[in-house]
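# here is the input, now give the coordinates:
(one chain, ligands or ions: 1)
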Amino acid sequence: MATEPELDVLLKTEQTFPPPPDFAAEASFRDPAVYERAAADPEAWWADWAGQLEWIEPWQQVLDWSDPPRAKWFVGGKLNVSVNCLDRHVAAGNGDKVAFHWEAEDAGETGEAGRLGITYDWLLDQTQRFANVMKGLGVGKGDVVGIYMPMVPEAAVAMLACTRIGAVHNVVFGGFSAESLRERMEVSGAKLLVTADATLRRGAPMPMKTSIEEIFGELPDMKSVVVIDRCGTNPSMTEGRDHFWAESVEAADPVCEPEPMDAEDPLYLLYTSGSTAKPKGIVHTTGGYLTQVAATHKMVFDLKENDVYWCAADIGWVTGHSYIVYGPLANGATSIMYEGAPDYPAKDRWWEIAERYGATILYTAPTVIRSFMKWGEELVLKHDLSKLRLLGSVGEPINPRAWLWYHEVIGGGRCPIVDTWWQTETGAIMISPLPGLTTTKPGSATVPLPGIEAKILDSEGEAVEEGGGTLVLSKPWPAMARTLYNEPDRFIKTYWERYGPETYLVGDAAHLDEDSYFWIVGRIDDVINVSGHRLSTMEIESALVADPGVAEAAVIGVPDEDTGQAIVAFVTPQGDAAPGEEFTTALREHVAERIGKLARPKRFFYADDLPKTRSGKIMRRLLRDIADSKDLGDVSTLRDPSVVDDLTAQVEASKKV
Ligand code: PRX
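All right, here's what the predicted structure looks like:
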C-alpha cells in the first residue's frame, strides 16, 4: 500500500490506470468497437437497450428531434416502470431475490429487525398495496405526490407505487427544511405527502412529521398525508387527513393493475438549485429515462447477477432515484440500503456493512471519501473488503489524492474506479469510464459513454480540441430532462439558448486533455456544490436577507478540502444586529430553517457595505478573490473601495485562527 509521500509521488507522475487484466477479462464491455457502433447509429444503440425492457406497446419511432429541444424518445411506446422493476423479475422466478439488504442505523441494538432482506416479492406486494392506498385517497394518473422520507425501504415502495398508477412523484431530500418542503409541494400542486414520524440520526429520532406540521395550512391542494411510524414518536395526526402507513397498507387490496404509461408521460419531478432563488422542477419522463438508467447501471458498474451493489447516496437526490431505485431494480440487482450516518456508532460503520453483506460495488461521493481519509485507514483495514471489485464516484470533482486513497485503501489497489459525471437534468450517467475498457486518470471522468456526445466550447462557441471552456452536450439522450415543471420558457432559456436549440448548456466548466479526456472544473453559474449537494447562492442570499438583522448579503462558494466547496457569506447588518458570534449563530440557524442545515454558510464576514460597481451591482467575483486572498487588481472603480480593505483584513484574520 502506498504511504502518503508515495501518493504524492504518484500524483506527480500523473500515473494512469488501465483496467486490471483479470477485471477486463470478465467485463461485459471489453471491445472498444462499442463506442464506434453507438456513434455510428445512436438511435439503434438506445433502441437495443430499450428492447431489454418490457413494453406494453412497442414504439413507432426511436427519437423525434424534429422540434429541438423538445425530444421524444420511443414515440408511441407504452410501458409501466413498476412492472419493469418488479413484476418481470418475480415472473422470471426471482421473487425471493434480495433487492435491498436494508440496514437500520440502530441495527446494532435491534438485531434482526434492523437488518431486513427486502425481496422483489415483498416490494411488489407492498407497491401494489400502497398504490391502492393512494388510489383510495383520490390520487390518480398525472397527480403529484410528495415524498419526504428517511432511508427506509418504504421510500422506494412509495416511488414505485406512484409509477404503478402513473402518479408523478416529487421527492424532497429529508435534510431540507419544512419551508423548502412547503415551497416544493406548493409549486408542484402535490395532493398527497408521504413522510415519517421521524428519522433516526446518530442514535436519536429527529422529528419529520411534527416539524412540518405547520406547512399543511398553507397547502390547499394537499389533501392527505401518509406517515410511516419509523421511530415510535407518536406524531400529531389530523383526523381525516393523516393516515399511518402500516394500517393503510395492511388493509389495502394486494392487487393493483399497472397503468400503461406513454413513453413520454412524466415519471417524476425533482427540484434542484439553479441561478435564481427559485428551485427548478426537473421533469423526467418514462421510457427514455428507464432505458438509460438501466443501460448505464449495467455498463458503468459492469453489473453481474451476483453483485452486491451499494450506492450510498440518499434517495432524495437524483443519484438515489437513478442508481438506488430505478437502474438497479430495472436490472434485478441486489443492493445495500443503509439508513444512517457513516460514523454511527463508530467511524467504521460503512466498512462493517460492506463486510457483512459482501459488497462488490461501492458508489459514493468524494466528500465522503475525504472524511474517511481523515479518519484513517486503520478503520478500513480492520474489515475484510476483499469482495469489492469496482468503485464509483459522483457529485463533484474528485481530487487525485482522494482518488488514489480510494483506489489503494478501499479498493486494495485492485478495483477500477468509475468517476461518473452527470446531473439531475441528464437523469443518467453521461461521462464515465467503462471499467473493463477505459484507462483512468485520477481526477478525470474520462470520456462520454457510448451514444453520448459532449464538447467543450470556447467563448466564441467553437469546439475546443484541447484546452478549457464550457461543457455542452451536443446530441439528445434518452434520459434528458424534458422541461421544467410549469416553466417551459425557463427550461429553454437556461439550457438551450446560449448555443442554439440542439446544444445543451451544462453549466460546468471543463477541459479536454491531449487524449480527449474530460476534466470537470466546476460550475459556471451561481451554484455551489457542497459535499456533492447543489445549492443556489441566490437562494441562500434571499434566506439571509429575510432576517430582520440583515440589510444585504452576498454568498459565494470557496474551495474546501473537506466538502469540495464551502459557503461563505458577506453580510451587512442593520438595526440592532451586531456582528459577532451570537448573530452568526442566529443567521446560521435562520438559513437552516429556511432551506436546511446543508445550506448553512461555513463562514461569515461583516461589513458596512459590500463591494459594488458604481451601478450598484455586488461584485461576487471580487468577493471570491478576497476569500481566496488573490491579488485584487484595481478596485478604484468600486463605489466604495474602502470596504475591500475592511473585508480583506477580516478574511486574513480568520485564516490565522
Ligand atoms: O458540477 C457538476 C457536479 O455536480 C453537478 C450536478 O449536480 P446534481 O444535479 O446535484 O447531480 C449530482 C449527482 C449526479 C454537475 O453539474 N458533478 C457531478 N458529478 C461530477 C461532478 N463534477 C465533477 N465530476 C463528477 N463526477
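
# next helix or strand past the lowest-mean-pLDDT helix or strand in the chain?
In the chain, no helix or strand scores lower on mean pLDDT, DSSP states H and E than helix 4-13, which sits at a mean of 49. Beyond helix 4-13 in the direction of the C-terminus, DSSP states H and E gives the next helix or strand as helix 21-26.

# list the buried ones in that following helix?
Within helix 21-26, the residues that qualify as buried are F23, A24, counting by 16 or more other Cβ atoms under 10 Å. No exception for glycine: its C-beta is placed from N, CA and C like everyone else's.

# cool, stretch 228-235 as well?
Buried residues in stretch 228-235, counting neighbours by 16+ other Cβ under 10 Å, are found at I228, D229, R230, C231, P235.

# just list the residues touching the closest residue to P400 other than its chain neighbours, thanks.
The spatially closest residue to P400, leaving aside those adjacent along the chain, is P442, at 4.0 Å (Cβ to Cβ, 6 or more residues apart in numbering). Applying Cβ atoms under 8 Å, 6 or more residues apart in numbering to P442 gives the contacts L11, Q15, F17, I398, P400, W403, L404, H407, I417.

# quickly find the element holding E460.
Going by DSSP H and E, E460 is not in any helix or strand.

# so does stretch 493-512 get close to the ligand?
Yes: for stretch 493-512 and the ligand, the contact criterion (Cβ under 6 Å from any ligand atom) is met by G507, D508.

# buried stuff in that stretch?
494-496, 499, 503-512.

# in the stretch 301-450 of the chain, what residue is nearest the ligand?
When you check the stretch 301-450 of the chain against the ligand by Cβ to the nearest ligand atom, the closest residue turns out to be T424, at 3.4 Å.

# ramachandran coordinates for that residue?
Dihedral pair for T424: phi -50, psi -40, per degrees, to the nearest 10.

# any weak-confidence spans in the stretch 1-150 of the chain?
In the predicted model of the stretch 1-150 of the chain, residues 1-13 satisfy pLDDT under 70.

# how about the helices in it?
If DSSP state H, counting those that start in this stretch is used as the criterion, the helices of the stretch 1-150 of the chain fall at 4-13, 21-26, 33-40, 42-50, 81-82, 88-89, 107-110, 120-136.

# what's the closest of those helices to the ligand?
Ranking the helices of the stretch 1-150 of the chain by distance to the ligand, with Cβ to the nearest ligand atom as the measure, places helix 4-13 first at 17.7 Å.

# which one, of the helices of the stretch 1-150 of the chain, ends up nearest to K191?
Minimum separation from K191 across the helices of the stretch 1-150 of the chain (Cβ to Cβ) falls at helix 120-136, 9.1 Å.

# against which helices or strands is the closest one packed?
Where contact means 3 or more Cβ pairs under 8 Å, 6 or more residues apart in numbering; DSSP states H and E, helix 120-136 is packed against helix 81-82, helix 153-165, helix 245-251.

# C-terminal to the last one, what's the next element?
For helix 245-251, the succeeding helix or strand toward the C-terminus, using DSSP H and E, is strand 261-262.

# tell me which strands that following strand pairs with, and in which orientation.
Strands adjacent to strand 261-262 in the sheet, as given by DSSP bridges, are strand 78-79 (antiparallel).

# what's the spacing between the strand it pairs with and its chain's center?
When distances are taken as Cα atoms, centre = their mean, to the nearest Å, strand 78-79 is centred 26 Å away from the chain's centroid.

# now what about that strand, what contacts it?
For strand 78-79, the surrounding residues in contact (Cβ under 8 Å, 6+ apart) are L53, E54, W55, I56, E57, P260, M261, D262, A263, T286, G287, L290.

# most surrounded residue in those?
Scoring the contacts of strand 78-79 on neighbours with other Cβ atoms under 10 Å, the highest-scoring entry is L290 at 32 neighbours.

# end to end, how far does stretch 308-322 reach?
Across its full length, stretch 308-322 reaches 17 Å end to end, with Cα to Cα, to the nearest Å as the criterion.

# right, is it up against the ligand?
Yes: against the ligand, stretch 308-322 shows contacts by Cβ under 6 Å from any ligand atom at V318, T319.

# so can I have TSV of the helices of the stretch 1-150 of the chain showing distance to the ligand?
TSV is the format used below for these (distance: least, Cβ to the nearest ligand atom, whole Å):
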stretch	distance to the ligand
helix 4-13	18
helix 21-26	20
helix 33-40	19
helix 42-50	20
helix 81-82	20
helix 88-89	26
helix 107-110	27
helix 120-136	24
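
# which of those sits most buried?
For the helices of the stretch 1-150 of the chain, the largest average neighbour count (mean count of other Cβ atoms under 10 Å) is found in helix 81-82, namely a mean of 26.

# so which elements touch it?
Using 3+ Cβ pairs under 8 Å, 6+ apart as the contact criterion, the secondary-structure elements in contact with helix 81-82 are helix 120-136, helix 153-165.

# all strands of the stretch 451-600 of the chain, in order?
Ranges of strands within the stretch 451-600 of the chain are 454-457, 467-473, 483-484, 504-512, 518-523, 527-530, 533-536, 550-560, 564-573, based on DSSP state E, counting those that start in this stretch.

# list the buried residues in the fifth one.
This means strand 518-523. Neighbour-count burial for strand 518-523 flags F518, W519, I520, G522, R523 (criterion: 16+ other Cβ under 10 Å).

# out of those residues, who's nearest the ligand?
Comparing the buried residues of strand 518-523 against the ligand with Cβ to the nearest ligand atom places I520 closest, at 3.6 Å.

# surely that closest one and L471 touch.
Yes: using Cβ atoms under 8 Å, I520 is in contact with L471, at 7.1 Å.

# overlap in contacts, these two.
Any residue near both I520 and L471 by Cβ under 8 Å, 6+ apart counts here, and that gives D508, A509, A510.

# show me what contacts the second one?
Contacts for A509 were tallied using Cβ under 8 Å, 6+ apart; they are G468, G469, T470, L471, I520, V521, G522, R523, I524.

# now the residue lying closest to Q61 once chain neighbours are set aside: how far from the ligand?
Nearest residue to Q61, sequence neighbours excluded (Cβ to Cβ, 6+ apart): V75, at 4.1 Å. With the distance defined as Cβ to the nearest ligand atom, to the nearest Å, V75 ends up 27 Å from the ligand.

# contacting residues around V75?
For V75, the contacting residues are W59, Q60, Q61, V62, L63, D64, A263, E264, by Cβ under 8 Å, 6+ apart.

# G76 is in contact with the second one, correct?
Same thing as Q60. Yes: with contacts counted by Cβ under 8 Å, Q60 reaches G76, the gap being 4.0 Å.
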